[in-house]
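Asks: structure of the sequence below:
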Amino acid sequence: MNTLAAPAPALRKDATVIGLVGLAHSISHFSQLLLAPLFPWLKDAFNVGYAELGLLMSIFFVVSCITQALSGFVVDRFGPRPILFGGLALLGLAAFGFSISTSWWMLAAFSVLAGIGNGVFHPVDFTLLNRKVHPSRLGHAFSVHGITGSLGWALAPAMLVPLTLAYSWRVALACAGVLAFTVLVVLWFNREKLALDTGVPAKASAAQPGGGSLDFLQIPAVWMCFAFFFFYAMALSGVQAFAPEAARLLHDVPTQLAAICLTVYMVCSAGGMVVGGFLVTDPARCERIVGAGFGVAAAIALVLGFAAIPALAVPVLFGAMGFAAGIAGPSRDLIVKRSAPDNATGRVYGVVYSGLDIGQAIAPLLFGTLMDLHRPAQVWLGIAVVQGVLIASAFNVRRVRRTVLVAA
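Replies: Numbering: from 1, shown residues only. The predicted structure is shown next:
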């Protein structure tokens, strides 16, 4: 069915689908930070170092990467709804597993389980949004999707740390499992709204390679999108893991003030995504929006790394950087949409977004090494450089896509 020719569905129907997908996506991001906020307690409970705890995150993202690349094929074959329910169930089980773990190896095993659950969300989410939401509202759909992910990241430490202080880390992780299964129940009662015909469109686009299940891998824009998300994940991981501490060391920021910098970044990023959803109503300008957003973010990163600024200005600059990067979020997702054949949505998003997991698995090692070498300014330089690479990558996607269209 050609969605461009179809009449626009009711706003309420689209809003319901966007809300349900966003709710599930928030649990995916929430689960990515189940362990990291609890490292100080887990370190003592299991008598391990931060390196061993960091390895748990690497295990999670490596498994998620493999699952994400493969789950796109499963989504295209069986439809997104059962895969979504399975992913949420695995995340809930992993959280309960973390709460009863008695050794590092048990934590590692449940990190594998959590990585499998996390890996299904992007192929599922974007297949549902692209197939069930009218094209005129896709910019807003991608905006909400990004906002709910950012809020999921923000919720994890805000929920887990207070529960740990009040009760224990085991209780906190058990509550996280309850939250995941609660969202699963909500989606189950609304399962008809997530139903999708898995039939393959009768005719693929003339601009795309043929109809084989792996033919989408011949599209150069798919691999340019993969590279874009790899570098995007490196920049994001650098900000999440080490940027607040690097800023604290460089500008003598009080510990309490440095602790809120990441929350400020994520909240402002969500606000930027709201604005970005309105800006991307014209798909032709999505690369320019990405370039402007990450250009501003890179400039702010250089200021934080090399300028003499007062400590009170640091959270403000974190917020400005998050807002600028957030504006680029909906355009970022639309770039992938414009590069995906209609009959391979799940597969394309699975491969492209696996770049996120690879970047998040590698970046902590690189930025962590710079911190161990006592070079916090170089952390900010690295973040700025990677954000600059993102701008070039976005325009390369457009160039490659246009080259293929002209050749066809």
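
Asks: do a quick rundown of the strands in this structure.
Replies: Using DSSP state E, the chain contains no strands.

Asks: so where is it shaky, pLDDT-wise?
Replies: By pLDDT under 70, the weakly predicted segments of the chain are 1-9, 197-218, 283, 337-346, 397-408.

Asks: buried ones in stretch 282-293?
Replies: 286-293 (16 or more other CB atoms under 10 Å). Bear in mind the C-beta positions are built from the backbone N, C-alpha and C, glycine included.

Asks: repeat for stretch 153-164
Replies: Result for stretch 153-164 [16+ other CB under 10 Å]: buried residues 153-157, 159-161, 163-164.

Asks: swap in stretch 77-86?
Replies: Buried positions in stretch 77-86, judged by neighbour count with 16+ other CB under 10 Å: 79-81, 83-86.

Asks: make a markdown table from these and add distance to L334 to it.
Replies: As requested, the buried residues of stretch 77-86 are arranged in a markdown table below (distance: CB to CB, whole Å):
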| residue | distance to L334 |
| --- | --- |
| G79 | 23 |
| P80 | 19 |
| R81 | 24 |
| I83 | 23 |
| L84 | 22 |
| F85 | 27 |
| G86 | 27 |
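
Asks: tell me the two of these that are most distant?
Replies: The largest separation in the buried residues of stretch 77-86, counting by CB to CB, is between G79 and G86 at 11.8 Å.

Asks: before we move on, back to that, so which of the buried residues of stretch 282-293 belong to helices?
Replies: Secondary structure from DSSP state H places 286-293 of the buried residues of stretch 282-293 in helices.

Asks: among those, which one lies nearest to A246?
Replies: Of all these, G293 has the smallest distance to A246: 21.7 Å, by CB to CB.

Asks: quick one: contacts for the residue lying closest to that closest one once chain neighbours are set aside?
Replies: Nearest residue to G293, sequence neighbours excluded (CB to CB, 6 or more residues apart in numbering): A328, at 3.2 Å. Shown in contact with A328 (CB atoms under 8 Å, 6 or more residues apart in numbering): 272, 276, 289-290, 292-294.

Asks: of those residues, which is the nearest to F318?
Replies: G272 (12.5 Å).

Asks: number of nearby residues for that closest one?
Replies: Residues near G272, counting by other CB atoms under 10 Å, number 28.

Asks: kindly report the same for the one 5 residues further on.
Replies: A count of neighbours around G277, defined by other CB under 10 Å, yields 24.

Asks: in stretch 163-179, what's buried?
Replies: Within stretch 163-179, the residues scored as buried using 16+ other CB under 10 Å are 163-164, 169-170, 172-174, 176-177, 179.

Asks: same question but for stretch 262-278, I mixed them up
Replies: Buried-residue list, stretch 262-278, by 16+ other CB under 10 Å: 262-277.

Asks: on that earlier part again, in TSV, list the buried residues of stretch 153-164 along with distance to A307.
Replies: Converted to TSV, the buried residues of stretch 153-164 look like this (distance: CB to CB, whole Å):
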residue	distance to A307
W153	27
A154	27
L155	32
A156	31
P157	28
M159	35
L160	34
V161	32
L163	39
T164	37
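
Asks: hmm, back to that, what is the nearest of the buried residues of stretch 77-86 to P220?
Replies: Closest approach between the buried residues of stretch 77-86 and P220, by CB to CB: P80, at 26.3 Å.

Asks: ok, G293 to A235 distance?
Replies: 12 Å (CB to CB, to the nearest Å).

Asks: give me the common contacts of those two.
Replies: Both G293 and A235 are in contact with A325, where contact means CB under 8 Å, 6+ apart.

Asks: on that earlier part again, take the contacts of A328 and write them to JSON lines, including distance to V144.
Replies: Formatted as JSON lines, those follow (distance: CB to CB, whole Å):
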{"residue": "G272", "distance to V144": "13"}
{"residue": "G276", "distance to V144": "11"}
{"residue": "I289", "distance to V144": "17"}
{"residue": "V290", "distance to V144": "18"}
{"residue": "A292", "distance to V144": "21"}
{"residue": "G293", "distance to V144": "18"}
{"residue": "F294", "distance to V144": "21"}
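
Asks: between those residues, which is nearest V316?
Replies: Using CB to CB, G272 comes nearest to V316 of these, at 14.6 Å.

Asks: residue contacts, the closest one?
Replies: Going by CB under 8 Å, 6+ apart, G272 touches 293, 322-329.

Asks: can you put these in TSV and add distance to G139?
Replies: Listed next are the contacts of G272 as TSV, based on distance: CB to CB, whole Å:
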residue	distance to G139
G293	14
G322	20
F323	17
A324	18
A325	17
G326	14
I327	12
A328	12
G329	10
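
Asks: can you tell me which of those is closest to V186?
Replies: Checking these one by one against V186 (CB to CB), the nearest turns out to be G329, at 24.5 Å.

Asks: what is the neighbour count of the closest one?
Replies: A count of nearby residues for G329, using other CB under 10 Å, gives 29.

Asks: doesn't V144 make contact with it?
Replies: No: with contact defined as CB atoms under 8 Å, G329 does not reach V144; the gap is 10.4 Å.

Asks: and for the two, which residues touch both?
Replies: Here G329 and V144 have M273 as joint contacts, going by CB under 8 Å, 6+ apart.

Asks: and for V120, nearest residue in space, chain neighbours not counted?
Replies: Among residues not flanking V120 along the chain, G87 sits closest, at 3.9 Å (CB to CB, 6+ apart).
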